[in-house]
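K.L.:
Just need the structure, nothing else, for what follows:
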Amino acid sequence: MSAKKGIIFDMDGTVWDSSENVAKSWTVKVHEAGFKDKSVTREDIQSVMGKPMDVIADTLFTYTEKGPERDSLRFACENYENEYLRQHGGILYEGVLETWAKLKEMGYHIYIVSNCQAGYIEAFLEFYGIAYGTPDDLVEDIECYGNNFLQKDENIKLIAERNELTAACYVGDIQSDYDATHKAELPFIHAKYGFGTINTEVPVINSFAELTKVVPEVIG
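P.N.:
Here you go, the predicted structure:
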């Protein structure tokens with residue numbers, strides 16, 4: 001088998017920051033559900049980025065009854081969030097598209113794995129007009145918790161196996177990203193500009209463009 005090297009990316013805090021618009025969209029649905037005195041802030045969203053959606057709901061919607069009421073609000077927020085982001089996007093980190101194109105020219109294959117709900121990654125890609133889903137596209141494959149309810153380490157391994165990668169690394173910004181990557185037995189690159197810190201020494205990027213130098217050092 002010929003070498004096929006892939007870079008698997010986290011979304012939030014690594015590729016973009018959607019927290020402000022996610023908070024706005026969730027607040028709309030919280031108010032529509034009758035909780036007029038409640039709101040979701042950018043800081044709330046950033047504090048739970050990277051966690052599965054059910055955990056996020058349990059953290060942010062403590063004023064709802066756990067069960068059907070909380071689930072209903074969560075699903076309403078998830079669905080409207082995707083619609084809102086398709087229209088309004090988020091803050092794309094500097095150099096993402098240019099660096100992805102350069103990495104592809106260098107022979108690397110680009111993938112995304114997130115703990116988000118189904119449709120979230122697609123909303124991001126569609127807002128920015130990023131081609132995805134085939135070997136000829138900039139982003140070749142995506143996977144998320146909302147699609148299959150697998151944990152991040154399992155989805156990282158799934159992407160690597162499904163695309164027959166002979167070498168791969170994961171790029172993320174928070175401790176749980178590192179923990180999942182370690183469990184998936186792949187090397188990790190820390191997006192230090194993102195939302196979190198890592199409790200062990202790992203390769204670091206301070207800007208997205210640094211990947212063109214760091215990735216070859218990590219996976220060749």
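K.L.:
Which positions in the helix or strand harbouring N82 come out as buried?
P.N.:
Here N82 is covered by helix 68-88, with elements defined by DSSP states H and E. For helix 68-88, the neighbour count (16 or more other CB atoms under 10 Å) marks 70, 73-74, 76-78, 81-82, 84-85 as buried. Just so you know, the C-beta spots here come from the backbone N, C-alpha and C atoms, and that holds for glycine as well.
K.L.:
So which elements touch that helix?
P.N.:
Using 3 or more CB pairs under 8 Å, 6 or more residues apart in numbering; DSSP states H and E as the contact test, the elements touching helix 68-88 are helix 19-32, helix 53-60, helix 120-127.
K.L.:
could you give the angle of the first one to helix 68-88?
P.N.:
Think helix 19-32. Taking axes from the mean of the first three to the mean of the last three CA atoms, to 10 degrees, one finds that helix 19-32 is oriented at 130 degrees with respect to helix 68-88.
K.L.:
got the CA positions of helix 19-32 in PDB?
P.N.:
Only the C-alpha atoms of helix 19-32 are listed here, as PDB (Å, rounded to 0.1, in the frame of the first residue of the first chain):
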ATOM      1  CA  SER A  19     -19.400  30.700  20.000                       C
ATOM      2  CA  GLU A  20     -21.000  34.100  19.700                       C
ATOM      3  CA  ASN A  21     -23.400  33.100  17.000                       C
ATOM      4  CA  VAL A  22     -24.100  29.700  18.600                       C
ATOM      5  CA  ALA A  23     -25.000  31.600  21.800                       C
ATOM      6  CA  LYS A  24     -27.300  34.000  19.900                       C
ATOM      7  CA  SER A  25     -29.100  31.100  18.200                       C
ATOM      8  CA  TRP A  26     -29.500  29.100  21.400                       C
ATOM      9  CA  THR A  27     -30.900  32.200  23.300                       C
ATOM     10  CA  VAL A  28     -33.600  32.500  20.700                       C
ATOM     11  CA  LYS A  29     -34.800  28.900  21.400                       C
ATOM     12  CA  VAL A  30     -34.400  29.300  25.200                       C
ATOM     13  CA  HIS A  31     -36.800  32.300  25.000                       C
ATOM     14  CA  GLU A  32     -39.200  30.500  22.700                       C
END
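K.L.:
and this structure, what are its domains?
P.N.:
5-17+92-219, 19-88 (automatic domain parsing).
K.L.:
Start and end of the longest one, how far apart?
P.N.:
The one in question is domain 5-17+92-219. Terminal residues of domain 5-17+92-219 are spaced 8 Å apart (CA to CA, to the nearest Å).
K.L.:
again with stretch 141-155
P.N.:
End to end - CA to CA - stretch 141-155 spans 11 Å.
K.L.:
Same check on stretch 36-54?
P.N.:
22 Å.
K.L.:
for this protein, what are the low-confidence residue spans?
P.N.:
Low-confidence segments of the chain (pLDDT under 70): 1.
K.L.:
what about the helices in it?
P.N.:
19-32, 42-48, 53-60, 68-88, 96-105, 120-127, 145-148, 152-162, 175-183, 211-219 (DSSP state H).
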